[in-house]
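Novice: Based on what follows, work out the 3D shape:
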Amino acid sequence: MAITNKNRVPALAYYRTSSAANVGADKDSEKRQRAAVEGFANRAGYRVEGEFYDEAVSGKDPIEGRPGFKALLERIVGNGVRTVIVEDASRFARHLMTQEAGIALLVSFGVRVLTANGDDLTDSDDEFRVAMRQIMGVFSQLERTRLVKKLKAARDRKRGSGVDRRKVEGRKSHSETRPEVVAEAKRLRRANPKTGERLSYQRISKALAEAGFVNENGRPYNPKSVRAMTGQQ
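Specialist: I've put the predicted structure just below:
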């Protein structure tokens, strides 16, 4: 029986490029990763519901400090998706210790990390990896608890005030809450030096989502929010 989109298992995709030289519309690193992940998802019966991207981030950088990965964790806490797909282990992190730290953190949320080849990075018979994961599990549990409390407190404040937090943040300034998103939105809004043309706010919203920058509900930013980010009235 053919697998319908309705029967597919929801999953999230994580991409990473380690050099600014590999970032951009004319580069193939992100495209290659997306094609590999989507190809596997289609074959294996998964449905990619969100993409998270860390561009120009070294594979040696602590995974919990990456903007795209942090957004991925917030999405996991918010909507219950428990499968993350990456092109391969090196896209997740090149160094073994960094890989295991990130995997241990995701395991604490009950998440499986699969590669485009079908390897389950969260399931290992390697005694060394298992031992490292157990040691890191203590710190991962602390990070998990911290993140869950932080998001719960934000939801409680929103309910207590009776005000839509997203609207308040829009008036307040996204630069205070998500400076990395604002910086990327302004970069995308700059006029093309050759044609003088600018991307529309709708296109910038789409580009931000493709880069892993989404709102607190895991959805692309509203074009009006993007306009506010770029300082336009």
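
Novice: What's the separation between the most centrally placed residue in the chain and G65?
Specialist: For the chain, the residue nearest the mean C-alpha position is F52 (2.7 Å; CA atoms, centre = their mean). Note on F52: its distance to G65, by CB to CB, to the nearest Å, is 14 Å. Every C-beta, even on glycine, is put in place using the N, C-alpha and C of the backbone.

Novice: do I76 as well
Specialist: Separation of I76 from G65 (CB to CB) stands at 17 Å.

Novice: Compare the two (neighbour count), which wins?
Specialist: I76 (23 against 10; other CB atoms under 10 Å).

Novice: Give the closest residue to that one in space, chain neighbours not counted.
Specialist: F109 (5.4 Å; CB to CB, 6 or more residues apart in numbering).

Novice: Lowest mean pLDDT among the helices and strands, pick that one out for the chain.
Specialist: In the chain, no helix or strand scores lower on mean pLDDT, DSSP states H and E than helix 165-172, which sits at a mean of 45.

Novice: does the residue nearest to the centre of the chain count as helix, strand or coil?
Specialist: With DSSP: H, G, I helix; E, B strand; the rest coil as the basis, F52 sits in strand.

Novice: residues touching it, list them.
Specialist: 12-15, 68-69, 71-72, 75, 212 (CB atoms under 8 Å, 6 or more residues apart in numbering).

Novice: now do 6 Å
Specialist: Taking CB atoms under 6 Å, 6 or more residues apart in numbering as the contact definition, F52 lies against 14, 68, 71-72, 212.

Novice: next one: T83
Specialist: 11, 112.

Novice: beta partners for it?
Specialist: For T83, the beta-bridge partners are R112 (DSSP bridges).

Novice: Look up how far T115 lies from it.
Specialist: With CB to CB as the criterion, T83 and T115 are 12 Å apart.

Novice: cool, and A71?
Specialist: Going from A71 to T115 by CB to CB gives 21 Å.

Novice: Counting neighbours, go ahead and name the busier of these two.
Specialist: The neighbour comparison of A71 against T115 (other CB under 10 Å) goes to A71, with 25 against 19.

Novice: Measure how buried N42 is and give me the count.
Specialist: Neighbourhood size, N42 [other CB under 10 Å]: 13.

Novice: Now do it, the pLDDT please.
Specialist: The score at N42 is 95. That number is its pLDDT.

Novice: Work out for me the element it sits within.
Specialist: helix 29-44 (DSSP states H and E).

Novice: helix, strand or coil for the residue nearest to I76?
Specialist: Following three-state DSSP, F109 is assigned to coil.

Novice: Can you report how many residues neighbour it?
Specialist: F109 - counted by other CB under 10 Å - has 17 other residues nearby.

Novice: Quick check, it in contact with G78.
Specialist: No: counting by CB atoms under 6 Å, F109 sits too far from G78 to count as a contact (11.3 Å).

Novice: which residues touch the nearest residue to P223 once chain neighbours are set aside?
Specialist: Nearest residue to P223, sequence neighbours excluded (CB to CB, 6+ apart): Y201, at 3.7 Å. By CB under 6 Å, 6+ apart, the contact list for Y201 reads 223, 226-227.

Novice: next one: A41
Specialist: Contacts of A41 (CB under 6 Å, 6+ apart): V48.

Novice: Show me where the protein dips below the pLDDT cut-off.
Specialist: Residues of the chain meeting the criterion pLDDT under 70: 1-5, 19-27, 124, 126-148, 150-152, 154-156, 158-177, 232-233.
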